[in-house]
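*Asks:* What would the 3D arrangement of this be:
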Amino acid sequence: MRLEPFVLAGALSLLPAASLWGAWPRRRGAAWGAAAIALGLWLFGWTRVAQGQSLVWLVAGAWSLSACFYAAYLVNRNAGEYERIRGMQDSRQAREKELTGQVALSKTRSKEIETEQREVLILYGVVKGVSESMSWDDLRPKLEVAFQQYLRVEEFVLYIVEARAQDALKTLLRRRLGSGVGASWDSLQRYLQERKLPMTVPHVLQSPERAVALPVFDGQHLLGYFYARVPEGFDPEALLAKAQGFIDEISFAFRRIRLFHEVEELSQTDGLTGVYRRGMLDERLREEVVRAKTFRTSFCLMLLDIDHFKQLNDSYGHPFGDQVLRRIGEILRGSVYETDFVARYGGEEFAILLPRADPAGVLRKAETLRKGVEDEVFELATQQVRTTISIGIAHFPRDGNGAEEVVRQADQALYRAKETGRNKVVDIAEVRKPI
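*Replies:* Model (predicted):
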């Protein structure tokens, strides 16, 4: 029994299924391949079938070939539609990808806008708070919060120009700076000078630490200087630009507080000598008495008088007398501590209040002042003129239990100094000693 025709017939009957499977455009090669194989098998089987089976083989081949070629026809007919649909799908996928990118970009931009809005609100709050400040003490905590929240720096220092010393800067605010370039004004100034970096422009420093340094200006006038270490991951240039913008926004507060202090100081200080007025001395004396009684401490009062001052005025004129008063005021201010209080008591008299001062130390200080004035040479045209001072000393509570009593005792000591020859220091305790 010959099996080959039956095998060929079976294969031929399966080819339509393969051809139909290949009717989908993605598998168009399978449809045409099945049609080609069906044609080959049919021709090959035609030569091998028995004589009586030719009709059956012819029908089977016709059916198989028809199915295969119909599948190929479907492929050709659907190819254009498939390409159109495929193109639409590709276009949709590309559009979806584009929209996804735009959504991601929008989210990023939205976060940036939120950050910018938050920083604007912080800046607005800071500027509003700063504009309400009337003193450095009031301004200090507001600036500390602003530097942390707006600039996002944690290690910084802000120096301000002292009203009386235009070339000297003092620390207004310092946070976590420790040691380093900006730890003190002297070290920062020396660092900039050694590297020939002008103090009038902002700088990004890379060594020995990454930092930004920039001046605070009001027009042409230097008001202060800001120094901050750059946090890890921050762009120094971006931080410098942001800090510069912030400083520009708040510089008006520096100017206003400084002007307010200058006006206040003018009302409290003597215009000629630069020391405090008599009214301020009386107020400070009362405060010091209360403080000394509360904490059981002491203080000293010196009264100083320029010897033969009337003769100076009569001999050389009042302008020269003013020159002497002005210079002695400078000597007194420059010879005492910050906690000491120098005032013009009246005419050619001065007063110095020294909190928590021991008698021996006061005598040494008074002698230094006396010697300093004695050695001072006043130039008048071609002449060199000298003068001297007499000093009276009293202590609280040793010499009196109230401000008026201490003043009276110091005045008695001054009178004794002038009565016994002038140009000397007298402590009222020495006057009261029994002979």
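*Asks:* How about stretch 426-434, which residues are buried there?
*Replies:* Buried residues in stretch 426-434, counted by 16 or more other CB atoms under 10 Å: V426, D427, I428, V431. In short, each C-beta sits where N, CA and C put it, glycine included.
*Asks:* Just the ones in strands from these, please.
*Replies:* V426, D427 (DSSP state E).
*Asks:* now, among the buried residues of stretch 426-434, which is nearest to F246?
*Replies:* F246 lies nearest to D427 out of the buried residues of stretch 426-434, by CB to CB, at 54.8 Å.
*Asks:* does the residue nearest to the closest one when sequence neighbours are not counted have beta-bridge partners, and which?
*Replies:* Spatial nearest neighbour of D427, excluding adjacent residues (CB to CB, 6 or more residues apart in numbering): I393 at 4.4 Å. I393 has these beta-bridge partners by DSSP bridges: M302, D427.
*Asks:* how does the protein divide up, domain by domain?
*Replies:* Per automatic domain parsing, the structural domains of the chain span 4-96, 136-253, 278-432.
*Asks:* Would you mind finding the most buried of those domains?
*Replies:* When the domains of the chain are scored by mean count of other CB atoms under 10 Å, the highest mean neighbour count falls to domain 278-432 (a mean of 17).
*Asks:* now that one: mean pLDDT?
*Replies:* Here domain 278-432 scores 94 as its mean pLDDT.
*Asks:* Can we start the residue count at 28 from this point?
*Replies:* That works, and once the first residue is 28, the last one we named lands at domain 305-459.
*Asks:* Need the domains of the chain in CSV (columns: distance to K155).
*Replies:* Putting the domains of the chain into CSV (distance: least, CB to CB, whole Å) gives the following:
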stretch, distance to K155
domain 31-123, 47
domain 163-280, 10
domain 305-459, 33
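*Asks:* I'd like to know how far the residue nearest the centre of the chain sits from P168.
*Replies:* Closest residue to the average C-alpha location of the chain: F174 at 3.9 Å, with CA atoms, centre = their mean. Using CB to CB, to the nearest Å, F174 is found at 11 Å from P168.
*Asks:* can you check V208 too?
*Replies:* With CB to CB as the criterion, V208 and P168 are 25 Å apart.
*Asks:* Equivalent analysis for D341, please.
*Replies:* Distance, D341 to P168, by CB to CB: 55 Å.
*Asks:* R305 now?
*Replies:* 35 Å.
*Asks:* Do me a favour and average the pLDDT over the host helix or strand of L199.
*Replies:* Element membership for L199 (DSSP states H and E) is strand 196-202. For strand 196-202, mean pLDDT is 87.
*Asks:* And the helices in the stretch 178-327 of the chain, which stretches?
*Replies:* Taking DSSP state H, counting those that start in this stretch as the criterion, the stretch 178-327 of the chain contains helices spanning 212-221, 263-295, 305-322.
*Asks:* Chain neighbours aside, what residue packs nearest to R203?
*Replies:* E182 (4.6 Å).
*Asks:* I'd guessed that neighbour sits against L204; true?
*Replies:* Yes - E182 lies in contact with L204 (CB atoms under 8 Å); the separation is 5.2 Å.
*Asks:* Now for those two: what residues contact both?
*Replies:* R256 (CB atoms under 8 Å, 6 or more residues apart in numbering).
*Asks:* Now the closest residue to R304 other than its chain neighbours. Its backbone dihedrals?
*Replies:* Computed as CB to CB, 6+ apart, the closest residue to R304 that is not its neighbour in sequence is D297, at 5.5 Å. Dihedral pair for D297: phi -80, psi 130, per degrees, to the nearest 10.
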